[in-house]
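Asks: mind looking at a prediction? Sequence and model below.
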Amino acid sequence: MTKSRLFWGIVAPTAAILNSLLFVYIILKLRGVEPIEMFKLMISYGFDPRNLVSEINQTVAYYMAGVAAAIGFKMLLFNIGIDGQYRMGAFFGAVVGAAVNLPPVLHVLLIILVAMLAGGVWAAIAGYLKVKRGVNEVISNIMLNFIAAAIIAFLLSPNLLGSLPEGSQNLQTKPIPASGQMPTIKAFEGEIYTFFFIAIVVGVGYWIMLNKTIFGFNLRATGLSFRAARASGVNAPGMIFITTVLSGAIAGLVGIGTLLSDTHSYSMAFPSGYAFTGLALALLGRNHPVGIFFAAFLWSFLERSAPVLEFEGVPPEIVIVMQGTIVLSIVIAYEVVARINLRQQQRAVGSANTENQNSQAEQVKETK
Amino acid sequence: MSNVLEVVGIEKRYPGVVANKDVSIQIEAGTIHAIIGENGAGKSTLMKTLYGLIKPDAGQIKVFGSEVNLKSPQDAIALGIGMVHQHFKLADNATVLENVILGSEPTRFGFVVKFDEARKKLVEIAENYGLDIDPDEPLSNLGVGERQRVEIAKVLFRGAKILILDEPTAVLVPQEVDELFANLRELVKKGLTVIFISHKLDEVLSIADDITIMRQGTTVATRKPNKTNKKELAELMVGGELPKPKAGELKVSPESILSIKSASYFRADGRQILDDVNLELHGGEIIGLAGVEGNGQSELIELIMGLIQPATGSVEVLGLNAATTLTRDIRNAGVAYIPQDRQRDGLLMTAPLWENRILGHQFAEPMAKSIWVNKGAAIADSKRVVSEFDVRTPGINVLASALSGGNQQKFIVGRELTGDPKLIVAAQPTRGVDVGAQAIIWEHLMQARSKGAGILLISADLEELFSLSDRIAVIYSGKIVSILNPTKTTPEDLGLAMTGAQSA
């Protein structure tokens, strides 16, 4: 049973990726470009050690967004607010980190905690509105994303929390002192953020929480059936709220690798779009921490190797087409797999029943 | 008169269950033909077969004299068979007209809807058959009875000559039932034929021209209403005399397990659902709560489980005030809950059985070990439930949704009776369950009673109420209208009390 589940768990995403490759193959062919050559070029460029380092660092950020989205998905919540939560987390992490002076490890831990708190509190607004007022979390989160961006832009003005370093047009927070920075691992002329390890801890913690604890059971039960969870004694609305906050807290960590190992301050240059990516990755990785990791790496890899296509006259946007078709295909593939599984199980139940009847019939014969 | 519909020897098997066997019916043109039977007697399977939703394994269906092979509801509709479902399939934010034509719109060039033509046709139908509906009224303004008329109009709009109504009165109040019956008489006067599914004997006797009785998947008899009576119909339905209550020794303990004192409850829209309910349950006894569905039973259960709070009065469960106690603490105190809607309230359909074993027991040992799920205990105890309650499944890793309804129910009952609960709230514990499973569930409930548990049995099944209950409380429009002794009561009296015709 578990073996076949693992098998189908791998078959579905593989099929989706192959399907998207086929689609892109046709598009490239129509443009008169040799697709296999393009794929080879992307692979050799993407696996170049220097590019690998930056892909790994990007993977960590995407991974956080993916896990944040996955927690929401387990509760049937569509956390499109990851963007705002991540900004809040990175910004307040940077502000508090720059404002205090603590011993090295403690300082970093404080920043991480503040980031999670800021992301969580921001998500809590949407959670409260959903549970108490019935506001759809997609609507409130989209608005909260805009509000977060506006609040941060306001707070970043030079006379408040921001500053404009000489010779720069980029408003940013004051730099975090050395005690609040995270080291990097030098590899292939690049530097891998040690925040990588925090990401692993989050992934493992997510899995244990969900599958091994009563809290995780209640969370999944509420997501599977609100009514059944409520009847079983779970405070189902409360679980929805807590899950929203938890998802936001993890989203608050999306920008922390970059912040602590690279920029050391938050600026308007921090990228956006993590919400959509996170949701796509959770979908592709089937809300499983290992699956999300591979999905996040695939995304970073595709984005990093896209520019090389331009040298050959192919628009790098082809990568976005690829990502889009992967997401579409995966939704279909998982649905197909789910139906195959259910049918297999029903057949198993059916044959167990006939066996049962046969054995009962035999027993009757024997007693006669 | 000629037969418009003839069913000969229909048989339908599901894994482990025979849903229909040797089903034969002749239905005359221009009549109302009632089909009655208990829950699980095979009425719905037969109706689904006639409407093309299910393909029978054997047997013939003849419509207007010629044999047909129904592959889908489209086939049935094309032959003039229409179905009015018990649960309406209507869009709230569209008008009556839009709802009626949805899916069979008359169009110009295949895409422009000819609303004028459709409206004309609908108005004609409404006038011709005496259906009081306004085509342009938004559906959200309509009450239940009016919605049902829209469903009927929908079927007539598609040219139905034979209408199947699946328990049409289950959702109606008495005046609406009268209106519906007037409509149905009008339909047959105009030459249509109506097949009327029910398990309410009074209604059937008053409206039907012929009554066919089903029991355990097969048709057992057909009667004319003027040549039969309720007693005979009831006996045909259950097969012989109603079983006498089992002679289990009654050892009622003095302590009160459940005590409801003048409890009332109002829905959010202000409608009163429960009105001054008083009920006292002791250990070692079974109180049957009889009543037509929707008379406040669901809310009473939710009050006991602490899911909602009473507006006035008090609900005391095992000495706890249910209004201020969390559901989890009520469950932990020793309350077992077998919900009425097992798939929505009792199971995580897409989770494996062993996880479903944990549900409802996740706040106490052995399913929980401090903050951790005790998977080992869950697996071991799931296996025990499967074997003790004869749940037909290849294993405990299959999803709950893969099991048949009866086996799902056996699993729930097994789970809830684990650990000798002191109070058992059992709502429709054997609804839709085959006779074998029903016997297993009844036996375990009786065992729990002899171990000293107090059981509140909410049921619409008269046989179940008479077989198990030590006392029967009748609930009607939110009130306990009488408390009866099952050994001194006839099913007729109980039926009358359930419809509020008599207040004790």
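Replies: Nice, I can see it. Remember, predicted model here, so these are calculated numbers, not experimental data.
Asks: what helix or strand does residue B:204 sit in?
Replies: Secondary structure from DSSP states H and E places residue B:204 in helix B:201-207.
Asks: now that helix: mean pLDDT?
Replies: Per-region confidence: helix B:201-207 scores 86 on mean pLDDT.
Asks: list the buried residues of that helix.
Replies: Using 16 or more other CB atoms under 10 Å in any protein chain shown as the test for burial, helix B:201-207 gives B:201, B:203, B:204, B:205, B:207. (C-beta placed from N, C-alpha, C; glycine too.)
Asks: and if you look at stretch B:35-49?
Replies: Those would be B:35-49, for stretch B:35-49 by 16+ other CB under 10 Å.
Asks: quick one: end-to-end distance for it.
Replies: From its first residue to its last, stretch B:35-49 covers 14 Å (CA to CA, to the nearest Å).
Asks: and for stretch B:337-357?
Replies: 13 Å.
Asks: sorry, back to before: which elements pack onto the helix holding residue B:204?
Replies: strand B:32-36, helix B:174-189, strand B:193-198, helix B:230-238 (3 or more CB pairs under 8 Å, 6 or more residues apart in numbering or on different chains; DSSP states H and E).
Asks: which one of the ones you listed lies nearest to residue A:134?
Replies: helix B:174-189 (30.9 Å; CB to CB).
Asks: got the CA positions of the closest one in CSV?
Replies: Coordinates of each C-alpha in helix B:174-189 appear next as CSV, following Å, rounded to 0.1, in the frame of the first residue of the first chain:
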residue,chain,number,x,y,z
PRO,B,174,-48.6,19.4,6.4
GLN,B,175,-50.2,22.3,4.4
GLU,B,176,-47.5,21.9,1.7
VAL,B,177,-48.2,18.2,1.6
ASP,B,178,-51.9,19.0,0.9
GLU,B,179,-50.9,21.3,-1.9
LEU,B,180,-48.5,18.8,-3.4
PHE,B,181,-51.2,16.1,-3.3
ALA,B,182,-53.7,18.5,-5.1
ASN,B,183,-51.0,19.1,-7.8
LEU,B,184,-50.4,15.3,-8.2
ARG,B,185,-54.1,14.6,-8.6
GLU,B,186,-54.2,17.3,-11.3
LEU,B,187,-51.3,15.7,-13.1
VAL,B,188,-52.9,12.2,-13.2
LYS,B,189,-56.3,13.7,-14.3
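Asks: what comes up buried for it?
Replies: B:176, B:177, B:179, B:180, B:181, B:183, B:184, B:187, B:188.
Asks: the second one is in contact with residue B:167, isn't it?
Replies: Translated: residue B:177. No. Applying CB atoms under 8 Å as the test, residue B:177 and residue B:167 come out as separate, 11.8 Å apart.
Asks: circling back to that earlier point, just put the buried residues of helix B:174-189 in a markdown table and tack on distance to chain A and pLDDT.
Replies: Shown next, in a markdown table, are those (distance: CB to the nearest CB, whole Å; pLDDT from 0 to 100):
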| residue | distance to chain A | pLDDT |
| --- | --- | --- |
| B:176 | 28 | 78 |
| B:177 | 30 | 83 |
| B:179 | 33 | 85 |
| B:180 | 31 | 89 |
| B:181 | 35 | 91 |
| B:183 | 35 | 89 |
| B:184 | 35 | 91 |
| B:187 | 38 | 90 |
| B:188 | 41 | 91 |
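Asks: in a helix, that's where residue A:26 is, yeah?
Replies: Yes. Assessed by DSSP: H, G, I helix; E, B strand; the rest coil, residue A:26 belongs to a helix.
Asks: count the neighbours of it for me.
Replies: 11 (other CB atoms under 10 Å in any protein chain shown).
Asks: am I right that residue B:498 is in contact with residue B:474?
Replies: Yes. In this structure, residue B:498 is within contact of residue B:474 by CB under 8 Å, at 5.8 Å.
Asks: so the two - more neighbours on which side?
Replies: Per other CB under 10 Å, whichever of residue B:498 and residue B:474 has more neighbours is residue B:474, with 29 against 23.
Asks: specify the beta-bridge partners of that one.
Replies: residue B:290, residue B:482 (DSSP bridges).
Asks: quick one on the thing from earlier: of the buried residues of helix B:201-207, which is the nearest to residue A:266?
Replies: For the buried residues of helix B:201-207, the nearest to residue A:266 is residue B:203 (71.9 Å; CB to CB).
Asks: who's in contact with that closest one?
Replies: Counting by CB atoms under 8 Å, 6 or more residues apart in numbering or on different chains, residue B:203 touches B:169, B:177.
Asks: mind listing what residue B:329 touches?
Replies: Counting by CB under 8 Å, 6+ apart, the residues that residue B:329 touches are A:233, B:306, B:320.
Asks: by neighbours, which of those wins?
Replies: Busiest of these [other CB under 10 Å] is residue A:233, holding 26 neighbours.
Asks: where does that residue sit: helix, strand or coil?
Replies: coil.
Asks: from what I see, it and residue B:328 are in contact.
Replies: Yes. Between residue A:233 and residue B:328 there is a contact under CB under 8 Å: 3.3 Å.
Asks: pull up the overlap in contacts between the two.
Replies: Common neighbours of residue A:233 and residue B:328 (CB under 8 Å, 6+ apart) are residue B:363.
Asks: check what pLDDT the residue lying farthest from the centre of chain B gets.
Replies: Most distant from the centre of chain B: residue B:109, at 44.4 Å, with distances by CA atoms, centre = their mean. Listed pLDDT for residue B:109 reads 79.
Asks: report the separation between it and residue B:412.
Replies: 54 Å (CB to CB, to the nearest Å).
Asks: one step back: how about CSV for the helices and strands packed on helix B:201-207, with distance to residue A:137 added?
Replies: CSV is the format used below for the helices and strands packed on helix B:201-207 (distance: least, CB to CB, whole Å):
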stretch, distance to residue A:137
strand B:32-36, 47
helix B:174-189, 39
strand B:193-198, 42
helix B:230-238, 50
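Asks: looking at those, spot the one closest to residue A:125.
Replies: helix B:174-189 (45.5 Å).
Asks: tell me which element residue B:314 is part of?
Replies: Going by DSSP H and E, residue B:314 is part of strand B:312-317.
Asks: show me what from the stretch 201-350 of chain B comes close to chain A.
Replies: With the criterion set to CB under 8 Å from any CB of the partner chain, the stretch 201-350 of chain B comes near chain A through B:305, B:307, B:326-332, B:337, B:339, B:341, B:344-350.
Asks: alright, calling it a day.
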